[in-house]
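**Q** the following block contains a protein sequence and its predicted model.
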Amino acid sequence: MTVARIEVDLDLCQGHGVCEMEASEFFRAHRDHVELLRTDVDDATRDDVDRAVSYCPTQALRLIED
């Protein structure tokens, strides 16, 4: 069951790749931006995505509660 979804602000994202290290099934970092591979977060993946959002150095990620 989906509990949240991810949004990325590409104006803020610089492609550091911290999100990919925390939740590689959701993010793929490129030289200057991140690509979202999935947007729907379920209970099983919530902790990984929470860490990715928290550790983003530019605060470009947001988790929207459904």
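**A** Perfect, thanks for sending it. Computed from a prediction, not measured in an experiment: that's the story for all the values here. Numbering: from 1, shown residues only.
**Q** which stretches of this protein form helices?
**A** 18-22, 46-55 (DSSP state H).
**Q** from residue 25, how far out is residue 42?
**A** From residue 42 over to residue 25 the distance is 11 Å, taken as C-beta to C-beta, to the nearest Å. Every residue, glycine included, has its C-beta placed from N, CA and C.
**Q** so where is the protein shaky, pLDDT-wise?
**A** Across the chain, nothing is flagged by pLDDT under 70.
**Q** one more time with 90, if that's ok
**A** The chain contains residues with pLDDT under 90 at 1-2, 66.
**Q** hang on, residue 36 packs against residue 10?
**A** No. The pair residue 36 / residue 10 is not scored as a contact, 10.0 Å apart, by C-beta atoms under 8 Å.
**Q** end to end, how far does stretch 16-34 reach?
**A** For stretch 16-34, the first-to-last residue distance is 8 Å (C-alpha to C-alpha, to the nearest Å).
**Q** buried sites along it?
**A** Residues of stretch 16-34 classed as buried by neighbour count (16 or more other C-beta atoms under 10 Å): 16-20, 22-23, 26-27, 29, 34.
**Q** closest to residue 5 out of those?
**A** Taking C-beta to C-beta as the measure, residue 26 is the one of these closest to residue 5, at 10.5 Å.
**Q** now that closest one: closest residue in space, sequence neighbours ignored.
**A** Excluding the flanking residues, the one nearest residue 26 by C-beta to C-beta, 6 or more residues apart in numbering is residue 38, at 5.0 Å.
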